[in-house]
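**Student:** Here you go, sequence then predicted model.
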Amino acid sequence: MTQILFKNIDTPNLTSIDVYEKTLDGYQSLRKAFEKKPEEVVEMVKASGLRGRGGAGFPTGLKWSFLAKDVFPRYLACNADESEPGTCKDRDLIMKNPHLLIEGMILCSYACRIETGYIYMRGEFWEYEELMDKAIDEAYAKGYLGKNIMGSGFNLDMYTHMGAGAYICGEESALLSSLEGYRGEPRLKPPFPAVEGLYGKPTIVNNVETLCAVPFILMNGPEAYAAIGTEKSKGTKLVSVSGHVKKPGNYEVPLGTPTIDLIEKYAGGIRDGNKLKAFIPGGSSVPMLPASKADVPYDYESIMEAGSMLGSGALIVMDDTTNVVVETLRLAHFYMHESCGKCTPCREGTRWMYQILTDINNKKGKPEQVDLLNDICDNMSFKCFCPLGDAAVGPVASSIKYFREDYEELIASMKTGQPVGTI
Amino acid sequence: MFAFTEASEARIEKILAKYPEGRKISALLPLLTLAQAQEGYITPEAMVEIGKRLNVSPAYVESVCTFYTMYYTKPVGKYVVKFCINISCHLNGCDNLLEYTEKKLGIKEGETTPDKKFTLLKEECLAACCEAPVMQVNNKYHVNMTPEKVDQVLASCR
Amino acid sequence: MDTATQTDMVTLTIDGKTVTVPKGTVVVDAAKKVDIEIPVFCYHEKLGPFGCCRMCLVEVEKMPKMATACTLAVGEGMVVKTNTDKVEKAQKGVLEFTLLNHPLDCPVCDKGGECPLQDNTFKFGPPDTRMEYNRFHRDKATPLSPVITIDRERCIACQRCTRYSDIIEKDQALVMRNRGFQNRVSTFNDEPYDTRFSGNVIDICPVGALTNTDFRFSARSWDLTNASTLCGHCACNCNMTLGTRLNEMKRITTRPNDLVDDGWICDKARWGYGFTKSKNRIAQPRNQGHSVGIQEACTEVAASLKKIVEAHGPNSVGFIGSGYGLNEDLYSYQKLFRMGLGTNNIDHKTYSDTTGLPVAHFDLLDVETSDLVVLIASDPTEELPILDLRLKKAVTRKGVSMIVLTDQQTLMDKYSALSLRYNVGSDGDLLAGLNTALQGQSAGSDIENKTGVSADQLKACAEKIKSAGKVCVIYNPAALTGSSIHTLKQCLATAGGLADTQVGAMPAAPVTNAVGAMDMGVLPDVYPGGLALSESEAIKAKWGDTAPLDKGLSALEMIEKAKSGELKALVVYRSNPVNDFPSGHEVGEALKKLDLLVVHDMMETETAKLAHIVLPSNGPGFDEGTTTNIGGRVQLRTKGLTTDNPADWKIVSMIAKVLGQETAPKDVNAVTAEIAEKVNGYQEIKRSAIRREGKSREAVTSVNVTPVSDGINTGNGLVLRVADVLFSHDKILDAESDLAHQFQPSTVHLNEKDATGLGVKEGDEVRVTGNGHEVKAEVRVSNRCNPGGVVIPKVSDEQGLMFLVEAGQTVSRVTIRK
Ligand SMILES: Cc1cc2nc3c(=O)[nH]c(=O)nc-3n(C[C@H](O)[C@H](O)[C@H](O)COP(=O)(O)O)c2cc1C
Ligand code: SF4
Ligand code: FES
C-alpha cells in the first residue's frame, strides 16, 4: 500500500530535521524543483491530478496557474485551520511530520513565485505552534528557507500565524481577513484569492494535506501519483474515521477505496457488535448517508453520485443505537455557534433550525416542524454569503431525507419520554 | 493600567516582523493572545494599548476580539477546562464526561470554581475526533478521555 | 476619455428591458435606471457592495446560483431576472429571516413611514412569519450617545452604520461586536458614540434601530413639512432637509448633493440648529433698550446715519458685516453704504485677503479628481467638516496624495504623504520659501531657523507639486498671519505657471459665506465681483458717477477710528467684534464712544448689548437667498420657518428707502437678479439654475497685491495660535444645545520642550497671559505645534481668547504661569 503522507510517520523524532532528512529523503525534492522552471513544477502538479484536500477538491495545479499575472508580491497561506467537525488529519501531519509541510510549501512557493508563506493554524493548536516554529527555524538554519535557498536564487520566508477560535476562518477568504487582523468574516468573491488575496495581492490558499502531497510528486513524478486512485480522483487521501468504530483513526488510502472497507477493515468495524446506521462521508458539512450506501467508493465522484461529498475526508460513523436527530442537533448547534453573523439567512436560519431541533429533542416537537425545517433549508441553500450556510443545511436536510422516521419517532413520543438530550 | 511585560515585548518584536510594512494590524490576534496569556483575560485597558500599537481604534480591537471564542473578556480560572461536545465526541460519550467533571469540580459548565482555579467550558470540535472524547486544559490536548483520566489531569493542575 | 466612453459602457437586459450603464455599475443601480426596484437593505451607494443582507437576490442567465444584485457588476449581454418565482421565494425567505427577531413595534417606531424594512415587507414579504419562539431580546432604546438612541432589537445587522464609521468617517468608532446572532452594533466599552459625523448613521440605518433622540416621539415623519435647504454653519454649505411642524424645527436630515456634501452632514448641521428656537435670539428691534416697530427702527437708523454723514462726512460712518450673511443681504448692505451713504468703510473680517484667484477656483469634487491636494494652514476637521470627509475619501479611496502644511497637528496628518509643520506665525516666510522652491531655487539655509521647515523639505514639497498632474491647493486665509495671503497667491501664480501641471485652489475660510462676502465686495477697497478701486471706469460704468473711489477703512481700522473719535457711526451686521476681534475688550471700549452703534444680528451678543439700535436678523432656517461655498458653488438656501420680521436684505432696503436711495426690490429674487447683473462672475446665477445642485459662479476678478514682508514681531513669550473647534460653546451652540456634551474644557497645547522649560506638565492648570489679559487653561503636552508656539483651541466664547491677541500685530505672544 503506497504511503505518501503517512510514510514512516511514526518514526521517533521525525519532527527533527535530521531525522526527517534521513528517513524520508527530506527536502530532496527541492533539488529536483530548482532544476526546473517554476512553470514546469506547476505543470507537474497539474499532471499529477492532485486536488485540494481542504474540502472543495479543486485541482491544485490549476489553482496555481490562476495567479494574477505579473503581480508581486504574492503570498501562500497554508490552511491549517482544521475546524470541520470530524476532521483531524492536518493536526496529525503537523504534529508528527512538520517538515513535510514546510517542504510542500517551499515547492508551492517556488512554483508560484511566492516569497512569503504563512501557516494559519487554528488557535487551539497552540501546542503545535511552538513545534512548527521550531521546524521552521531548523529549515532556515539548514538553508531551506531564507535567502537564495540552496543557491537557487529563490527566497522564501515562512511564518506561523495563529487563529483564535472561529470555524469560519477555515473558509479561505475569511482566513485571509483573519490573517490581516480583521474579524474573520468572509469576503466577496470575485475577486478570488489568486487574483486579490492577502493584502490585496495574489495568494494561494491550500490545505495542509494538499501541500504535503507535493514533495512526492516532485520526487516520483506526476505519473507515480496519478497511478494511484481512480480515473478522476488521483492519489491517496487521509480519512479521519471517527464515531462508533472500534479503531477510530486517520488512515491513508488510495482514493476509490470502498467506504465500507474504511469502516470495517481499517477502523475495525462498528463497536459493541452494533450495526451501521448512518455515516457522514466528508465532515459535518456534507449530507449524511444511510448504511445502504456504505459500499460507495471513497472518491470525489462516487460520493457525489451517492448524494454527498468527500469534503475534508472525515468519515463519521453512527451505529443503529443512534437517533440521528440527536446528532443533527449537535451539528445545528455548531453552525449556529460558528455562523459569523454577517449574512441574514445564515445568522437567523442556523439559530432557528437549532431552536426547532431543540424542541424536537425535548419532545416538544410538532409534525409540521419537519417540513418547516426543510423549507428553512431551502431558503438558506445557495442564498447565503459563503458556503457555511450551505454546510449548515447539509446535515439537517439529509437527516430528514434519509431518517425522517427518527424525527417522527421523537415527535410521536412527545408525551412519553424524557428529553433525549439537548445542548 | 495594562502594560506588556518585558518578555512579551520581545515576543511582540518578533511577531511584528512577520508582517509587511503597513500591514501590522495582522499582529492583532497574536497581541491579543499575548495579553491574555499575561492577564488571563483581555481587559479594556489591554485593548486600548493594543489599538495604540497597531494604530486602530480600541473599538476595532474589541470588535475583532469578541469575534473569536478563545478570547475571554471576563476573568477565568487559572485552568480553563474545555470539553468538545461536537458529534464525534458526543458519539463517544462526552456528555457523561462533562457531567462527571461538573460534579467533581462542583460547578456548572460556564462557571468558575470559587477558588478561581478552574473554569469549565464546552467547546466546539477541537480537531482530534479520532481520539474522542477530547478535553483541553489551557491549550493542552488530552485525548481518549475517561473519568479516570479526567481525575489524573485535574490532579496534575496545581 | 472620449474614445474610452464607448468601451466603458455595458449593455444588459433586466426583466426584458435593455439598459446601458458604465462598466463597474452594480445590477441594483442599473435596474434603477429602467425603473426596476430590486429591494435592498445593506447596500448603500456610498458604502459600496457588501452583500450581507441577501435581500437583493436575482436570477442571472448562465449562473447556476442566484446572485446578489448589489454586488454583481454588470456584464455585457447579461440577462437578469428579478421577477421569477424563484426570486420571489428567495425574497420572501430572506424577509422572513430578517423579521424573525425583529420586534413588531412599527406603530411606535420613529422610522415608521420611511422605513425600508416596512416598505420591503409590504412589497415583497411573506404574509406572516412561521417563527413561534420568543424573539431574541436585546436592549430597547438605550442611548448610543446623548443624541442617538439605539434599539438593538430592531437592528438587522446590515452593517451600514459600522461600515460608515469604517469607510467614511474612518475612525472605527462604531463596530460590530461578537459573532453570529449575538453580534451587535457597539462602541468601545459601550462609551458614547459621539464623533463629529455620528448622526449620518441615523439616516442610513434602514430600520428604526438608530434614531435621533431629540426627534423621538416628537412628530411622525409624515406630519413634517420638509424644506430643501442648506446648512448655515461652515463654508461647505451642505445640503440638508429641514423638517418642521407648526413652524418649529423638528429635525435635520441629509439631502445628498455629490457636488457638495457627497451625501453626508456633520453633527453640527444636524443638532446645531437649536438656535432657531433659542431664547437668546434677538426677537424684536429695539431702540435704546426699548422694543420698537421695525419701520420705526429702520427710520431711526436711516435718519441718524444721514445726520452724521451730513455733519461729519461720509467717512464718519462704517459697516462691519460678516460671512454669515447671504449674498443678497451682504450685497444690499455694501450698496447701502456705497451708494446711499457714499463711503467705502465696508468690511467683514479681520484678516487679509483679496478677491479672486490667480489660478482656477476648484470645486469640492476636484478634490477627488486631483492627483495631489496641498492643504495649507487649514484644519478641515474642525473648520469645514465635510471637506474632512471628502479628503479622507480622496486619499483612501481615490488614490489622491496629500501634502499638509500647517502650524499645528491636525487629523489630516494621518492621511498625508508629506506633512510639514512650520512655526506658529512663520507662514509668511514659509510661503516665500515655498515660492522660491517652486521656482526651482533653494529657499536658503536660514529658512529652517525661521520656520522650522528646511529648504530640503520645501524642495521635496515643490517637487511633488511639480510632478503631480492636477493639484488642488486648499488654504484657510483666516489662519494666515499678516499679509502672507499675498505670498500664498504668489505661490499659486508660480505653480499655475508650471508646465504640465494643472493647478487650482480653494479658499477655505470657515465662515458660511466667506467666499460670497468677498465676491459681494464687502471690502473697503474692492467693489463686488473683484472690481478694485483703481478700475474707476469700470466702477463708474456699473455704479454711476457718485460711486466712492477712495479706499475705505478696514474693520480693524474702523475700530481704531471709533476709538479716536473719527468714526461716529457703525452698523455691525452678524458680527460680534467685542468677543471675536483681537483685543476684544478694547473693541468694546471703542464702540462705546460711537454716536451711533447699530447691531443687526440673530443672537444677543456682547456687541449687541452696547448697541443703540438693535435689529433682528433672520438667519438660517428663516432666511432665503444664496450663499457661495468654498468651491465657488452658489446654492439656494430656502426657508423652512417663517417669522414676522422682514428678511435682512429687506431691512436694508427699508433703511435705503428712508435715505431716498431707490425703489425697493420686490422680493429676494429681484436682489439675486441684481447680483447677476452687477457682480462679475455671477451672470449665470439664477434661481432656476441653482435650485437642484447649485452652480459654480464664474471666476471673480483676481486682485493682486504685492506682499510686504511683515516679519515676526520679536518679543518674549510663546507665539499664540488660536485654533477653531467645531463644537465651540458660542452664541450659536449655547448651553441648551443638543451638542452641549461636545463642549470641551479650556486647554493649552504645548511642545514638550517648552513644557519642560516652563516646568509644567500634562493636566496642570495654568494662566495664560497676553495683551494684559488672562485665560485659564489646562496643559496638554501634545506637541501640537513646534517649540516656541502654543495652540489654544477656541472652545467657548467665555474664554475671552481674543482678548489675548494684540490688535495690529502679526502675531501675539503669551506667557504661561502655573
Ligand atoms: C465554512 C468553511 C470552512 C472551511 N474550513 C477549512 C479548513 O478548516 N481547512 C481547510 O483546509 N479548508 C477549509 N475550507 C476550504 C477552504 O475554503 C479552501 O477551499 C481550502 O483551504 C483550499 O485549499 P485546497 O485547495 O488545498 O483544498 C473551508 C471552507 C468553508 C466554506
Ligand atoms: S443599527 Fe441599523 S445600520 Fe446599523 S447594522 Fe443595525 S440595522 Fe444596520
Ligand atoms: S442589498 Fe444586496 S445583499 Fe444586501
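**Tutor:** Cool, the structure landed. Ligands and ions are numbered 1, 2, ... in the order given.
**Student:** and residue C:89, that's in a helix?
**Tutor:** Yes. Residue assignment for residue C:89, taken from DSSP: H, G, I helix; E, B strand; the rest coil, places it within a helix.
**Student:** close enough to count as contact, residue B:58 and residue B:47?
**Tutor:** Yes. Here residue B:58 reaches residue B:47: they are 4.9 Å apart, a contact under Cβ atoms under 8 Å. Backbone N, C-alpha and C define where each C-beta goes, glycine included.
**Student:** So for those two, which residue has more residues nearby?
**Tutor:** Between residue B:58 and residue B:47, residue B:47 has the larger neighbour count (other Cβ atoms under 10 Å in any protein chain shown), namely 27 against 24.
**Student:** what about that one, distance to residue B:34?
**Tutor:** Here residue B:47 is placed at a distance of 13 Å from residue B:34 (Cβ to Cβ, to the nearest Å).
**Student:** One more: residue A:171?
**Tutor:** When residue A:171 is compared with residue B:34 (using Cβ to Cβ), they lie 26 Å apart.
**Student:** Looking at those two now, which is surrounded by more residues?
**Tutor:** Set residue A:171 next to residue B:34 and count neighbours by other Cβ under 10 Å: residue A:171 wins out with 27 against 21.
**Student:** contacting residues around that one?
**Tutor:** The contact partners of residue A:171, by Cβ atoms under 8 Å, 6 or more residues apart in numbering or on different chains, come to A:186, A:386, A:387, A:388.
**Student:** Count the residues that sit near the third one.
**Tutor:** By the criterion of other Cβ under 10 Å, residue A:387 has 16 neighbours.
**Student:** can you pull the pLDDT of the nearest residue to it once chain neighbours are set aside?
**Tutor:** Leaving out its chain neighbours, the residue that sits closest to residue A:387 by Cβ to Cβ, 6 or more residues apart in numbering or on different chains is residue A:171, at 6.8 Å. According to the prediction, residue A:171 has pLDDT 97.
**Student:** out of the contacts of residue A:171, who's nearest residue A:141?
**Tutor:** When these are ranked by distance to residue A:141 (Cβ to Cβ), residue A:186 comes first, at 37.6 Å.
**Student:** from the contacts of residue A:171, which would you call buried?
**Tutor:** With burial judged by 16 or more other Cβ atoms under 10 Å in any protein chain shown, the buried subset of the contacts of residue A:171 is A:186, A:386, A:387, A:388.
**Student:** Tabulate these (a markdown table), appending secondary structure.
**Tutor:** Listed next are those as a markdown table, based on three-state DSSP:
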| residue | secondary structure |
| --- | --- |
| A:186 | coil |
| A:386 | coil |
| A:387 | helix |
| A:388 | helix |
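**Student:** Pipe the residues you listed into TSV and attach distance to residue A:229 and pLDDT per row.
**Tutor:** Formatted as TSV, the buried ones among the contacts of residue A:171 follow (distance: Cβ to Cβ, whole Å; pLDDT from 0 to 100):
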residue	distance to residue A:229	pLDDT
A:186	31	97
A:386	29	96
A:387	25	96
A:388	29	97
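**Student:** For the residues you listed, work out which two are farthest apart.
**Tutor:** A:186 and A:387 (8.7 Å).
**Student:** Would you mind listing where chain B has pLDDT under the threshold?
**Tutor:** Applying pLDDT under 70 to chain B flags no residue at all.
**Student:** Stretch A:236-253: end-to-end distance?
**Tutor:** 5 Å (Cα to Cα, to the nearest Å).
**Student:** mean confidence for that stretch?
**Tutor:** Average pLDDT, stretch A:236-253: 98.
**Student:** Contacts (any at all) between chain B and it?
**Tutor:** Yes. Judged by Cβ under 8 Å from any Cβ of the partner chain, stretch A:236-253 and chain B are in contact via A:240, A:241, A:242, A:243, A:244, A:248, A:249, A:250.
**Student:** quick one: which of those sit in strands?
**Tutor:** The strands, defined by DSSP state E, take in A:240, A:241, A:242, A:243, A:249, A:250 from the residues of stretch A:236-253 next to chain B.
**Student:** Next up, phi/psi of the residue nearest to the fourth one when sequence neighbours are not counted, please.
**Tutor:** This points to residue A:243. Ranked by Cβ to Cβ, 6+ apart and with sequence neighbours excluded, the top spatial neighbour of residue A:243 is residue A:317, at 3.9 Å. When read as degrees, to the nearest 10, the backbone of residue A:317 gives phi -110, psi 130.
**Student:** out of the contacts of residue A:171, who's near ligand 1?
**Tutor:** Among the contacts of residue A:171, proximity to ligand 1 is found for A:386, A:387, A:388 (Cβ under 6 Å from any ligand atom).
**Student:** Now do the last one against residue A:333, distance only.
**Tutor:** For residue A:388, the distance to residue A:333 equals 14 Å [Cβ to Cβ].
**Student:** would you list the residues of stretch A:236-253 next to chain B in CSV and tack on neighbour count?
**Tutor:** Listed next are the residues of stretch A:236-253 next to chain B as CSV, based on neighbours: other Cβ atoms under 10 Å in any protein chain shown:
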residue, neighbour count
A:240, 28
A:241, 26
A:242, 29
A:243, 30
A:244, 27
A:248, 27
A:249, 17
A:250, 26
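**Student:** Make CSV from these and add distance to ligand 1 to it.
**Tutor:** Output for the residues of stretch A:236-253 next to chain B, formatted as CSV (distance: Cβ to the nearest ligand atom, whole Å):
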residue, distance to ligand 1
A:240, 12
A:241, 18
A:242, 16
A:243, 19
A:244, 24
A:248, 19
A:249, 19
A:250, 15
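**Student:** Find the pair from those residues with maximum spatial separation.
**Tutor:** A:244 and A:250 (17.0 Å).
**Student:** Pull the residues that contact the helix or strand harbouring residue C:777.
**Tutor:** Using DSSP states H and E, residue C:777 falls within strand C:773-780. For strand C:773-780, contacts defined as Cβ under 8 Å, 6+ apart pick out C:585, C:745-750, C:755, C:760-769, C:792, C:799-801, C:803-804.
**Student:** Is there a quick PyMOL command that grabs whichever of those residues are buried?
**Tutor:** Here is the PyMOL command that selects only those of the contacts of strand C:773-780 that count as buried (16+ other Cβ under 10 Å):
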select buried, chain C and resi 585+746+747+748+749+750+755+760+764+766+768+792+799+800+801+803+804
